[in-house]
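>>> Sequence and predicted structure, then a few things I'm wondering about:
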Amino acid sequence: MSKSFFKFLRKSEGEKSIGLIINGPNILIKKFNIRVEDIPKPLEEIGKIRVAKVVLNQNASPKLIEAVVNHGLEPIIVIGDADVTVAVEAMKLIYNPNIDVIALAVRDTNFLPVVNEAKSKGKETVVIGAEPGFSKALQNAADYVIILGRSLEEKQ
């Protein structure tokens, strides 16, 4: 194999590895009109997504689960509240030395301790959410904030 092929496979200089966890019941709801594929796109400006998981509850439709899988994300189905699983998965990423950036698609303050722990371990943090109900405390704590689901009028 050529030398250029192996150079291509190596991590780009300065490219950040991102771990993404999405709280499906909190973000992927009809009132926000957010599609699964809308969430990873803005992260491309920060780095390369290496881990991408969507936590869903038992009420998730087969169509939603199929969309998650079709977009290269790993679905995790839980019974009951998804918050604990989101936090556990985020903690795994925080302590993963191959991940530079923790991206959480969540809206509520419950995840503020996770963001603070990530920062204390030297990870950059991204919170991805939608209005209304996107915690200002969470936005202020993160290094990057991405607000999804705005109408065209609000974006202008």
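Thanks, I have it.
>>> for this structure, where's the lowest mean pLDDT among helices and strands?
Within the chain, confidence by mean pLDDT, DSSP states H and E is lowest for helix 152-155 among all helices and strands, at a mean of 31.
>>> name the helices or strands packed onto the lengthiest helix in the chain?
Across the chain, the longest stretch assigned as helix under DSSP state H is helix 83-94. Judged by 3 or more C-beta pairs under 8 Å, 6 or more residues apart in numbering; DSSP states H and E, helix 83-94 is in contact with strand 16-23, strand 47-57, strand 74-78, strand 101-105, helix 112-120. Every C-beta, even on glycine, is put in place using the N, C-alpha and C of the backbone.
>>> any idea how far Lys121 is from the closest residue to Leu56 other than its chain neighbours?
In space, and not counting its chain neighbours, Leu56 is closest to Gly24: 4.1 Å by C-beta to C-beta, 6 or more residues apart in numbering. Applying C-beta to C-beta, to the nearest Å, the value for Gly24 to Lys121 is 25 Å.
>>> do the same with Ala87
15 Å.
>>> So which of these two has more stuff around it?
Neighbour tally, Ala87 and Lys121, criterion other C-beta atoms under 10 Å: the higher count belongs to Ala87, 20 against 12.
>>> distance of the closest residue to that one other than its chain neighbours from Asn26?
The shortest distance from Ala87 to any non-neighbouring residue, by C-beta to C-beta, 6+ apart, is to Val114 (5.6 Å). Applying C-beta to C-beta, the value for Val114 to Asn26 is 14 Å.
>>> So which of the two has more stuff around it?
Neighbour comparison, Val114 and Asn26: the larger count goes to Val114, with 25 against 21 (by other C-beta under 10 Å).
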